[in-house]
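Student: Following is a predicted model, sequence given first.
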Amino acid sequence: MSSTLAVIGLGYVGLPLVREACGSGLNVIGYDVSERVVGALREGRSHVDDLSDADVRRMLDSGLTVTSDPSCLTEADIVVICVPTPLSEDGGPDLTAVTSATCAVRDHLTPGTLVVLESTTWPGTTDEVVRPLLEESGLAAGKDFHLAFSPERIDPGNPEYGLRNTPKVVGGITEGCTQAAAEFYGQVVDTVVRARSTREAEMAKLLENTYRHINIALVNEMAKFSHELGVDLWDVIRCASSKPFGFQAFYPGPGVGGHCIPIDPNYLSYQVRARLGYPFRFVELAQEINAGMPDYVARRVQDLLNEQSKALRGSTVLLLGVTYKPNIADQRESPARPLAARLLAQGADVRFHDPHVRQWSVNGHDVPTLELDKGLAEADVVVLLQPHKDYDLEHIAARASVLFDTRGVVTGERVETL
Ligand code: SAJ
């Protein structure tokens, strides 16, 4: 008889796992505490970018059951926890959802079950937080049930890499736990990479994203002084990219958004400072630089208006692309929000346009949107934040009185680049 998998948390991480599992002959249960999410899925509607309604209907047709009743976990041979770990007030991961999901597993845990945590968190969470809670069931990890960590590597909107063709790191409390996790994931991904333990698997995720975070901060800081030195950093990066080894291109921008890059490195710096009493300086500096980019963009907009003898106060600024990266609708941690807040605070008339966003408010202020050509015609400055593929950049550059391109993707006589 095929194994039963229960996935806890049916968001951008859990649902791709459900989809691959449905296609692998496993009995699959989707469990989420949100009645709204469960209800939508039961009606065949997807709430994440990477799955269509048709995908959901196919999953339901293959036998997927979706529920908000935790007693479903009793039937599971494998339980994978894919719930969010947002940053809490003190800068560390808010583990409320993880502990709540873990308690639900504890209350329905049966011998022989494999439990895997996928939520991004600090090294030690699986062993020091999840394991003790599960062992309150009276069952022992590594003996009565298996326990492992496997970092999620879902890249929303990525047309090339999905769950199946992205190598999956797994690390268990014991060798046996690692083996059990590797056997499970081997059914839904092409390549499994075994870590030494849960801690190395937890830390691998943080290294991957901290690496991105600090390298983006590097080019963001270089963009500022390159502008003052009269150096075209975009051309510098293009030239440096010709090096076939030992260099990976990162690009400056208006700030770093998303659910991973600006968030994950803080778990590490939080734990280092809390456990060891000293800072993880790379991350703290990178956070400061990246978080400062929206204000820097606002200052550059002010300079552009100044060159036209216009004050920022009363000028019309059109923001193009308010999501956190191109071609998706996700606005989490988007730098457009702090930028708009800054411009509004200085009295600018801020408008926005984004093919993926219909309505947008900043600090309770509804930012108006317009048909693109009208918006371009009425703006004193147009700021390109996300070059969605829907945008005809040449058309925009031709219609804008002044275009501030924060992505280095447009050329033109009235175009200024970050
Ligand atoms: N960004 C820059 N400059 C860059 C790259 C990114 O400013 O050179 C900005 C983006 O505009 C965005 C933010 O950083 O606002 C994050 O961009 P991202 O390309 O890292 O996209 P994410 O947040 O979707 O990151 C995910 C991560 N995937 C997982 O954690 C599973 C990351 O590890 C991937 O490397 C990344 O996708 C990817 O490569 O697309």
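Tutor: Received, thanks.

Student: Name the nearest residue to the residue of the chain found nearest the ligand, ignoring sequence neighbours.
Tutor: Closest to the ligand within the chain is Gly258: 2.7 Å, counting by C-beta to the nearest ligand atom. In this view, the C-beta of every residue, glycine as well, is placed from N, C-alpha and C. Once flanking residues are discounted, Gly258 sits nearest to Tyr324: 4.7 Å by C-beta to C-beta, 6 or more residues apart in numbering.

Student: in terms of contact, does the one you found touch Gly257 like I think?
Tutor: Yes. Look at Tyr324 against Gly257 with C-beta atoms under 8 Å: they come within range, at 2.8 Å.

Student: any shared contact partners between the two?
Tutor: 331-335 (C-beta atoms under 8 Å, 6 or more residues apart in numbering).

Student: what's the helix or strand containing His146 in contact with?
Tutor: In the assignment (DSSP states H and E), His146 maps to strand 146-149. For strand 146-149, the surrounding residues in contact (C-beta under 8 Å, 6+ apart) are 113-118, 125-126, 130-131, 134, 141, 170-174, 176-178, 180-181, 198, 201-202.

Student: Let's check: the centremost residue of this protein is which one?
Tutor: His259 (2.8 Å; C-alpha atoms, centre = their mean).

Student: residue contacts, Phe404?
Tutor: 297, 300-301, 304, 381-384, 415-418.

Student: In strands only, show me the shared contacts of Tyr324 and Gly257.
Tutor: Using DSSP state E, no member of the shared contacts of Tyr324 and Gly257 falls in strands.

Student: Out of the residues you listed, which is nearest to Val80?
Tutor: Taking C-beta to C-beta as the measure, Val80 lies nearest Arg332 of the shared contacts of Tyr324 and Gly257, at 22.1 Å.

Student: Could you give the number of residues near the closest one?
Tutor: Look at Arg332: counted by other C-beta atoms under 10 Å, it has 15 neighbours.

Student: For it, which non-adjacent residue is spatially closest?
Tutor: His259 (5.0 Å).

Student: what does the model give the one you found for pLDDT?
Tutor: On the pLDDT scale, His259 is placed at 83.

Student: before we move on, what about Gly255?
Tutor: For Gly255, the predicted pLDDT is 98.

Student: Please apply the same query to Ala40.
Tutor: pLDDT, read off for Ala40, is 97.

Student: tell me which helix or strand of the chain sits lowest on mean pLDDT?
Tutor: helix 264-271 (a mean of 90; mean pLDDT, DSSP states H and E).

Student: Just list what it packs against, helices and strands only.
Tutor: Helix 264-271 is packed against helix 198-229, helix 281-291, with contacts defined by 3 or more C-beta pairs under 8 Å, 6 or more residues apart in numbering; DSSP states H and E.

Student: just checking, what packs against the shortest one?
Tutor: In other words, helix 281-291. helix 198-229, helix 264-271.

Student: Those helices: lowest mean pLDDT?
Tutor: helix 264-271 (a mean of 90).

Student: which outside residues touch it?
Tutor: By C-beta under 8 Å, 6+ apart, helix 264-271 touches 85, 87, 90-93, 120-124, 203, 205-206, 209-210, 213-214, 279-280, 283-284, 286-287.

Student: The ligand next: which of those are close?
Tutor: Asn209 (C-beta under 6 Å from any ligand atom).

Student: Show me what from the protein comes close to the ligand.
Tutor: Counting by C-beta under 6 Å from any ligand atom, the chain sits next to the ligand at 152-156, 158, 208-209, 212, 216, 250-251, 253, 256-258, 260-261, 324-325.

Student: Just the buried subset of these, written out for ChimeraX, thanks.
Tutor: Selection of buried members from these for ChimeraX, criterion 16 or more other C-beta atoms under 10 Å:
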select :152,153,154,155,156,208,209,212,216,250,251,253,256,257,258,260,261,324,325
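
Student: No further questions, thank you.
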